[in-house]
Structures are given as C-alpha cells and as structure tokens.
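*Asks:* Need a 3D model of the sequence below.
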Amino acid sequence: MSLIKTEELGYFVGGFVGEGLDHPECVSAGKDGEAYAGGEEGQVYRIDTSDKTFKQLGSTGAFVGGIAQDGEGSVYCCCGPDIVKMTKDGKTSSYPASGSSGLELANYPVFDSKGNLYVSDSGEWKNDSGKIFIVTPNGKIDIWSEQITTFPNGMALDPSGQYLYVVASLNTPRVERIKINEDGSSGKTENVVSLPSTVPDGLAWDTQGNLYISCYTPSRIYRLPPSGKLEILAEDPEHTMLASPTNIAFCGSNRDILLSANLGRWHITEIMTGVTGIPLNYPVI
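*Replies:* Reported below is the predicted structural model:
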C-alpha cells in the first residue's frame, strides 16, 4: 500500500474493490448502494460495495468513458460518439433512440432531477472543440453550452442543483461551473479552481459542501472545501493503489465509501473519508 495520506484530514484507506476489472475509467453510484464501472472493451460492471465483488452486466462494444443510472436501473454509458443505454438484463440501445447525436467524444453523463441528461463532449485532444450536450426526457439532444471547449471531462451538479461543475482538462487545467438558468438554459460560466501541472478528470460532492477532484496525472485526489483552500486528500507517487484515478463517486448504502476508478490498473480504490456524499438523481425516463 503506497498511498500517502494527510493525517489531519482524518481518513483511512480501505483497499481494493473489484480487482480484475479491465482498466476502468468510470465509476458511479447506483441508486441501491451498489456501484457501476466500465471497461476498456465496453464491459459494464455492477459492483457490490459490501463484499467488494463484481459481475459483468453486458457490453457496449466500445470503451466506456462515463456512466450514470436512472430510476429503473438502466445505465447510460459514454462510448465515443455514442450514448449507450443498458437495461438491468444487459440489453443495449442508443440514447436517444433515433437520430444523429452530434457528439464527437462523449465523456461523462449527469442526470438532473427533471430527467435531463447532461453529457460532456470532450472533442478532439488539444483541438478546443469540446462542448456540453443535453438530452431531454423526451429524447431530444442538443448543444447546451459551448463555453468550455478545452476538453470538458468529468461533471457534477452542485448540492443545490443550480450549477453544473465541469472539469476542463487542458489549457490551464481547472474546474469551472455553469449556472443553470430557471428556463433550463446555460448561464454564466465561472472559474472555481485552477489546477496547474495536472490533468484533472472526475468530480464528487460530499454533504458538507466539499468538492473532490481526481487527477489522471499525477495520481492524486484533491478536496476543495467551502473556504476555497485546496487540499490534497490522497496521492500515490508509486502509481499502484491510485493509478491514473479518473472518475470518483460516493457509494454504498450510506454513500460513505469514496470509490476511485483507476484507468492505469485493474481495480477500484476504496477510500473511507468519514463523510457522506450527496445523493444523485435517478429519474424515471
């Protein structure tokens, strides 16, 4: 175990979860306490957070970048230019069901309380062609915001549901937030925190108002408290327990287990922080 911890933050590492996964980039909290992850060849895994085992639900046929679950147990997977919906029994279909999506590189999906699915389209690496799409519950997909173009990546709604927080991985790596206007349109974009000399990837919130930011490089997870003073929660200079951590999520029946996907390895890392994550939205579509 080579993970460095900061004692004053008061957490401990629980170990590995789901050993044997295929280079998971994504991990997301399921509505019943379980977790979901994706694999390099399109595998979709359901992880039992109590016994740390997993089973494969099915395959999308393409690398899974990010994943979200709805209220009926289906998962929505970002797979290149497509969003793939997988039901509980492993059946797949395109989402929305018909028509061209216009996506170039779907990366991460987030549901709001109304059933809208926000999807980051990272675009081409270093080409500044990224944008944020939205898929409404009736299946209409459109560009929601073109204000963050430098490889928009992981996303999370803030606890109030009024802002969409977005990782921008390139050209002054940072986290920004976009105001969600009352009519549902995108509003003002603001810088939240800059992260020079990193490649940030994933986001998660706890119930105390702390924002967690995982970095593909270096292998590090930050915590940004309401005070705005950035802290290192965990890092691994040996790149073994944390190995290119990408998506992060608070999972378990009490949402008190912080899980980190490791694109550079074959496992999920479990970090017990002593706090709980905010509940996600699981709309019935």
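
*Asks:* As CSV, could you dump the C-alpha coordinates of stretch 172-184?
*Replies:* Provided in CSV are the C-alpha atoms of stretch 172-184 (Å, rounded to 0.1, in the frame of the first residue of the first chain):
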residue,chain,number,x,y,z
THR,A,172,-4.9,25.8,-17.7
PRO,A,173,-6.4,22.7,-16.2
ARG,A,174,-9.3,23.7,-13.9
VAL,A,175,-12.8,23.3,-12.7
GLU,A,176,-15.5,25.7,-13.8
ARG,A,177,-19.2,25.9,-13.1
ILE,A,178,-22.0,26.8,-15.4
LYS,A,179,-25.2,28.4,-14.0
ILE,A,180,-28.4,26.6,-14.9
ASN,A,181,-31.0,29.2,-15.6
GLU,A,182,-34.6,28.9,-14.5
ASP,A,183,-35.6,28.1,-18.0
GLY,A,184,-33.0,25.3,-18.2
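
*Asks:* report the longest strand in this protein, please.
*Replies:* Criterion DSSP state E: the longest strand present in the chain is strand 186-194.

*Asks:* Measure how buried residue 225 is and give me the count.
*Replies:* 13 (other Cβ atoms under 10 Å). C-beta: built from backbone N, CA, C; applies to glycine.

*Asks:* Could you do residue 264 as well?
*Replies:* 17.

*Asks:* Report pLDDT for it.
*Replies:* According to the prediction, residue 264 has pLDDT 93.

*Asks:* Could you measure from it over to residue 247?
*Replies:* To residue 247, residue 264 is 13 Å away according to Cβ to Cβ, to the nearest Å.

*Asks:* where's residue 84, which helix or strand?
*Replies:* Assessed by DSSP states H and E, residue 84 sits inside strand 82-86.

*Asks:* Sheet-wise, list the partners of that strand with their directions.
*Replies:* Paired strands of strand 82-86, with direction, are strand 75-79 (antiparallel), strand 92-94 (antiparallel) (DSSP bridges).
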